[in-house]
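**Student:** here's a sequence, model it:
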Amino acid sequence: MTNPKNPTPSPTQPRRRNLAAVKNDTLRTTRKAKEPKQPDLDGETHTVLRFTPWAWAKLQFFCHHGDTEIGGFGVTSDDDLLLIEDFITVRQRTSSVSVAFDDDAVADFFEAQVDAGRRPEQFARYWCHTHPGHSPIPSSVDEETFHRVFGRCDWSVMFILARGGRTYARLRFAIGPTGDLLIPVTVDYSTQFRGSEHAAWEEEYNANILPIRDHRSMFGAADLGDRDWDWDALPFDHLDPTIEAELIQHFEDMAFNEDTLEDNEVVL
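**Tutor:** Numbers count the residues shown, from 1 in each chain. Next up, the predicted model:
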């Protein structure tokens, strides 16, 4: 049976659509994914997610610049959808356990990418975000978002960079023989790349990243949200990965306070 293809947008279609329409076309999900398979790193061929050194440097800059999660979109090469050339953020409220994108900012980002001549699969398939600790394991919020927001895409990738340096990348197929696949990540130094742009990255960070300081702590005291938690000092390095994930999720479930979100925000 021939797989269905995505419809081609009409050239007369209005340039600006509301975010609900964009989500219906490219992002929203109602499907539960299968358990991912481990990548075969010993095989002769395998799918590898690659970052240009410039995109990787920018992602690392955002990961280490503050004490919260940071979310954004990976933008790929025109002729190689497994090569991320840029990491772009939008206006968002962030905490140590979540990010909330502003709907209008997402719509503006999509419109700007279309105006730049890019196709949706170049800018609306990679959800990249950071974790402020050592573990890149997706939280329940991460999993729910990936199911809800990206599940109707023919394919999509959830990528997580932990401040400790570990990464997590999962490729999901929603058509044909659907399923998930964990894929390795590397920096491709064979590509052309420019030098770092700390001043521009600092400006983007200050414009888009709005840390939440009043989320509830695991003890239920809102004023503890201002405390500078040293996530890297938590004794997770020697734990079994399954136990580590359960502990981190336990902290996240008690720390996240949905009441701090404002209107026209989506939790990611």
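**Student:** close enough to count as contact, A100 and R91?
**Tutor:** No. Contact criterion CB atoms under 8 Å: A100 and R91 do not qualify, at 9.8 Å. (Each C-beta comes from the backbone N, C-alpha and C, glycine too.)
**Student:** out of these two, which sits in the busier spot?
**Tutor:** A side-by-side neighbour count of A100 and R91, using other CB atoms under 10 Å, places A100 first with 22 against 18.
**Student:** am I right that that one is in a helix?
**Tutor:** No. Using DSSP: H, G, I helix; E, B strand; the rest coil, the secondary structure at A100 is strand, not a helix.
**Student:** specify the beta-bridge partners of it.
**Tutor:** Note on A100: beta-bridge partners by DSSP bridges are R93, V267.
**Student:** retrieve the pLDDT associated with it.
**Tutor:** In this model, A100 is scored at 88, pLDDT.
**Student:** please name the nearest non-neighbouring residue to P53.
**Tutor:** F193 (4.6 Å; CB to CB, 6 or more residues apart in numbering).
**Student:** any idea how far the one you found is from P132?
**Tutor:** Using CB to CB, to the nearest Å, we find F193 at a distance of 26 Å from P132.
**Student:** more crowded one of these two?
**Tutor:** Taking other CB under 10 Å, F193 and P132 do not tie; P132 has more neighbours (23 against 17).
**Student:** tell me where the model's unsure across this structure.
**Tutor:** Along the chain, segments meeting pLDDT under 70 span 1-45, 213-268.
**Student:** just the strands in it please.
**Tutor:** 49-51, 71-76, 83-88, 92-94, 99-102, 126-131, 155-162, 167-173, 179-182, 185-187, 209-211, 265-267 (DSSP state E).
**Student:** make a markdown table out of the ones you listed and add distance to E197.
**Tutor:** What follows is these, written out as a markdown table (distance: least, CB to CB, whole Å):
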| stretch | distance to E197 |
| --- | --- |
| strand 49-51 | 16 |
| strand 71-76 | 15 |
| strand 83-88 | 11 |
| strand 92-94 | 20 |
| strand 99-102 | 22 |
| strand 126-131 | 18 |
| strand 155-162 | 19 |
| strand 167-173 | 23 |
| strand 179-182 | 31 |
| strand 185-187 | 17 |
| strand 209-211 | 17 |
| strand 265-267 | 28 |
